[in-house]
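# Provide a 3D model corresponding to the input given below.
(one chain, ligands or ions: 1)
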Amino acid sequence: MKVYYETELGKLYHGDCLEIIPHLEPVDLVLTDPPYPEDSRFMFSFDKLQIVARQLFKISSVNSWLLSDFFRPGMSNYITSFSQGWVYYDLITAFVVNSMANCSFGIDRFTPSLVFKKGTPKINKKWSNVIQTTRKSHSKGWSGHPSQKYLNVYITYIRMCSKTMDNVLDPFLGSGTTAIACEHLNRQWIGIEIEEKYCEIAAKQIEAEARKPSFSKIKRKEDRLRKLNELERLKGKQAQNHLGLESK
Ligand SMILES: C[S@@+](CC[C@H](N)C(=O)[O-])C[C@H]1O[C@@H](n2cnc3c(N)ncnc32)[C@H](O)[C@@H]1O
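Numbers count the residues shown, from 1 in each chain. Below is the predicted model:
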């Protein structure tokens, strides 16, 4: 497996997700945006999506979420394809004020996502199935990827469905939106992208986010310290127990 780029929190693999997913470590959340099965560039089909869904189910932890964007006219096919062990849970819609996304119906202001679950995953932040965000500028923050998603929307999804340092996977990473949101929120991440030109775009964008001296970086240090202290405390407790046993 070829690691194209990595940060302290995550890894981007360049290649076909069907070949890479079976080799990954367990993940706590899958957040993704598959290529449209009608898109001839990727030879992608709902049959392939079923295989990916099954692979994702296998490597997901016992209680976990899967969120997937989808192309609205194919909604029932997406639900059938993902229902490979996964149980359909909800539909979330992001309403983007000032959106300029062009689609066959004109300017599209809604980006919907399907939510599936494995086991009984926890909701981390209050659940909301309508999210509103505003696109402030038509060019700022646009990477050049034709289907780049809104960062604020992905940040909200990740907050709702995972906690700090959870492992988040996006098998169709594109311009890196999932990984950027993870860097921002202090989640571990794994991204897979088949096109090298998009790996390059993603790596540049993630690097820019990973370099930001943000609240999350300070928090990451705090989380690590807390984990270390906890380990020290446990070690101390074990040593005390050991001594206690010896003196009896
Ligand atoms: C809809 S786009 C994802 C866009 C992404 N959410 C973003 O915000 O930039 C789907 C991506 O999947 C990639 N892709 C297609 N087939 C793939 C495969 N078999 N394995 C990994 N990536 C693949 C495409 O190159 C494309 O960048």
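# hey, let's count contacts and neighbours off CA atoms from now on
Noted.
# so which residues of this protein form strands?
Ranges of strands within the chain are 3-6, 10-14, 27-32, 60-69, 87-97, 101-103, 106-108, 110-118, 130-134, 167-170, 188-193, based on DSSP state E.
# for those, which one sits closest to the ligand?
With distances scored as Cα to the nearest ligand atom, the stretch of the strands of the chain nearest to the ligand is strand 188-193 (3.8 Å).
# my read is that Thr177 contacts Asn152, right?
No - contact between Thr177 and Asn152 fails when scored by Cα atoms under 8 Å: they sit 9.5 Å apart.
# quick one: stretch 67-76 to chain centroid distance?
Relative to its parent chain, stretch 67-76 has a centroid offset of 17 Å by Cα atoms, centre = their mean, to the nearest Å.
# could I get the buried residue list for that stretch?
Taking 16 or more other Cα atoms under 10 Å as the neighbour-count basis, stretch 67-76 is seen to contain the buried residues Leu67, Ser68, Asp69, Phe70, Phe71.
# isn't the third one right next to Val115, touching?
No - when contacts are counted by Cα under 8 Å, Asp69 is not listed as touching Val115 (9.0 Å).
# run a quick neighbour tally on Ile51.
Counted by other Cα atoms under 10 Å, the residues lying close to Ile51 total 15.
# return the residues in contact with the closest residue to it other than its chain neighbours.
Nearest residue to Ile51, sequence neighbours excluded (Cα to Cα, 6 or more residues apart in numbering): Leu18, at 7.7 Å. Leu18 sits next to Ile51, Val52, Gln55 when contact means Cα atoms under 8 Å, 6 or more residues apart in numbering.
# distance of Leu18 relative to the ligand?
6 Å (Cα to the nearest ligand atom, to the nearest Å).
# separation between the closest residue to Gly85 other than its chain neighbours and Ile51?
Nearest residue to Gly85 in three dimensions, chain neighbours excluded: Phe57, at 6.5 Å (Cα to Cα, 6+ apart). As defined by Cα to Cα, to the nearest Å, Phe57 lies at a distance of 10 Å from Ile51.
# what's the answer for Thr120, then?
Thr120 is 23 Å from Ile51, where distance means Cα to Cα.
# then Glu207?
In this view, Glu207 and Ile51 are 31 Å apart by Cα to Cα.
# go on, Glu6?
According to Cα to Cα, Glu6 stands 27 Å off from Ile51.
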